[in-house]
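> When you get a sec, could you give me coordinates for this:
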Amino acid sequence: MRLEFFGCGTSQGVPEILCDCKVCTSIDENDKRLRSSIYVKHNDFNIVVDITPDFREQCLRSKIPMVDAIFLTHLHADHFMGMDDIRKFNKIKDADIPLYLPHLMEDDFRAVFHYTLKEQIPGLFRPRLSLNLIDEDPIMFGEMKVTPLKVLHGDSGEIRSYLFESDGKRIAYLTDCKVIPDKAMSLIKDCDIAILGALWDKDWDHSGHWNLQQAIEVAKEINAKQSYFTHITHLMGLHKEVNNKLPKHTQLAHDGLVINL
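Residues are numbered from 1 along each chain as shown. Take a look at the predicted model:
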C-alpha cells in the first residue's frame, strides 16, 4: 500500500483568509495545508478518502493517475464539496466511479449531488457516480480490505473512519473524530499507521475534535507503530517547532507526505 496525504488542514485551510499570524505567513511548505484527504494506492487500484474543495489542486500537485473508488467519512463541506471535479476521471475511464457512502448520509448526499447519480446524457460533461451504501462490513479490492469504522464526531454524531489492510499491514484513518467506540478501537489496536485529527496545540476543548494533547493520548491507546496528526488549524503552531516536541512515534503529517507499506 502507498498512502499520500492530499491535505492536512481543517475546514478553513492554512493559511486562513486575511490572517497574518506566524503560521499563516510561514514560508515553510509544511505549514501550508489544504483540506484533509488521503489517497491510497494498492497495486494499480486508486482510492481517495474525501473529496475536498481543494481536490482539483491536490490532483494537479500529486499527479495521481486515476481515481477508481471514493470513500466519504461524512458530509461536512470540507470533506465532499469538491465532487464535481472527479468528472475528468470519468472521461478517462469512460465509466462511473464507485462512491462508498455511509448509508445514513444518503439523503443529504442526494440533495446536493443528485445530478452525479443520473443516467448519462450525451453531450453533458458531468460527474458520474455509482452509489454504494455502506455500514461496517469490509469491502475487498483484490487483496486489500477496507473496513468502515463507526466513530463519533461529537455533536455532529456518527461518521465513518476507515481501516486499510493488505499483506499483514494496517492503516487506520480517523479524522474529525472525538470518540472511538470499543468495536472500532479493537480493530485498530497495534496497527502500523494511525492517522488522527488534532486541531491545535492548545488546552481548549472542542465538541467534535481532539486537540493535540488529546490526540496524543488516543495515539498511546491505539499503540500504532507510527501515528500522524492531521486536520490541523493554524493554531497548532509551526510544523517544525511542534514536531520537535512530540513523543516518539508521533508526528504532524504534512501535505504531500507519502508512506509506503
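> so who does Asn46 touch?
Residues in contact with Asn46 (Cβ atoms under 8 Å, 6 or more residues apart in numbering) are Tyr39, Val40, Ile64, Pro65, Met66, Val67, Asp68, Ala69. Quick note: C-beta positions are derived from backbone N, CA and C, even for glycine.
> which residues does the closest residue to the first one other than its chain neighbours bridge with?
Counting by Cβ to Cβ, 6 or more residues apart in numbering, Glu4 is the residue found nearest to Tyr39 once chain neighbours are left out, at 4.5 Å. On the basis of DSSP bridges, Glu4 is bridged to Tyr39, Val258.
> Tell me how many other residues crowd Glu4.
A count of nearby residues for Glu4, using other Cβ atoms under 10 Å, gives 20.
> Let me see the contact set for it.
Going by Cβ under 8 Å, 6+ apart, Glu4 touches Ile38, Tyr39, Lys41, Ser62, Gly256, Leu257, Val258, Ile259.
> Could you give the number of residues near the fourth one?
The one in question is Ser62. 15.
> now the residue nearest to it when sequence neighbours are not counted: how far from Ser37?
Distances taken as Cβ to Cβ, 6+ apart put Glu4 closest to Ser62, at 6.0 Å, once the chain neighbours are dropped. Applying Cβ to Cβ, to the nearest Å, the value for Glu4 to Ser37 is 10 Å.
> what do you get for Val258?
14 Å.
> Ok, Gln214 next?
For Gln214, the distance to Ser37 - Cβ to Cβ - is 22 Å.
> Val258 and Ser37: which is more packed in?
Neighbour comparison, Val258 and Ser37: the larger count goes to Ser37, with 28 against 11 (by other Cβ under 10 Å).
> Which residue, other than its chain neighbours, is closest to that one?
Using Cβ to Cβ, 6+ apart, the nearest residue to Ser37 is Phe6, at 3.9 Å.
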